[in-house]
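Peer 1: Structure here, sequence nowhere to be found:
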């Protein structure tokens, strides 16, 4: 695979790539035709998958990255170490802003994010700190009742 230059360029883990490739056929993208699968590795080492799910009311659609992370959280995980995004066609793309914010909730500055195109051989890789350096986080929230 050809690596597209990024500061954190690295080959994607084969097990994450295999899981995303196995899942992409389940994506539901009748409106955009842009099928995406994601695989995330939690700090436990377990891998969780997700696919994008579109809705006729576009705002109710859900990205593959968030589905995979929510699957991990639903299983009791609270820390994500790696996220792999597989697009069916076109150039590898970074996660959208909403997905980056969810990754930030359950990851840290060193969480690796890989993007791969199923049809091509290009890979992009970043650390979360590169894609979302100044993110909103729980550190900004005060516990209820505190001033």
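Peer 2: Perfect, I can see it now. Keep in mind that this is a model prediction, so the values were computed, not measured.
Peer 1: Excluding covalently adjacent residues, which one is nearest to the most centrally placed residue in the chain?
Peer 2: Geometric centre of the chain, nearest residue: residue 65, 3.6 Å, by C-alpha atoms, centre = their mean. The shortest distance from residue 65 to any residue other than its chain neighbours is 4.1 Å, reached at residue 99 (C-beta to C-beta, 6 or more residues apart in numbering). Every C-beta, even on glycine, is put in place using the N, C-alpha and C of the backbone.
Peer 1: show me where the chain has strands.
Peer 2: Taking DSSP state E, the strands of the chain run over residues 2-3, 36-42, 47-51, 80-87, 112-117, 122-127.
Peer 1: thinking residue 11 is in contact with residue 122, fair?
Peer 2: No. In this structure, residue 11 is not within contact of residue 122 by C-beta atoms under 8 Å, at 11.8 Å.
Peer 1: on that earlier part again, let me have the strands of the chain in JSON lines, extended by mean pLDDT, distance to residue 15 and mean neighbour count.
Peer 2: Listed next are the strands of the chain as JSON lines, based on pLDDT from 0 to 100; distance: least, C-beta to C-beta, whole Å; neighbours: other C-beta atoms under 10 Å:
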{"stretch": "strand 2-3", "mean pLDDT": "45", "distance to residue 15": "19", "mean neighbour count": "10"}
{"stretch": "strand 36-42", "mean pLDDT": "98", "distance to residue 15": "8", "mean neighbour count": "27"}
{"stretch": "strand 47-51", "mean pLDDT": "98", "distance to residue 15": "6", "mean neighbour count": "22"}
{"stretch": "strand 80-87", "mean pLDDT": "98", "distance to residue 15": "9", "mean neighbour count": "25"}
{"stretch": "strand 112-117", "mean pLDDT": "97", "distance to residue 15": "12", "mean neighbour count": "23"}
{"stretch": "strand 122-127", "mean pLDDT": "94", "distance to residue 15": "15", "mean neighbour count": "20"}
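Peer 1: can these go into CSV with extra columns for distance to residue 134?
Peer 2: Output for those, formatted as CSV (distance: least, C-beta to C-beta, whole Å):
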stretch, distance to residue 134
strand 2-3, 27
strand 36-42, 23
strand 47-51, 26
strand 80-87, 19
strand 112-117, 17
strand 122-127, 14
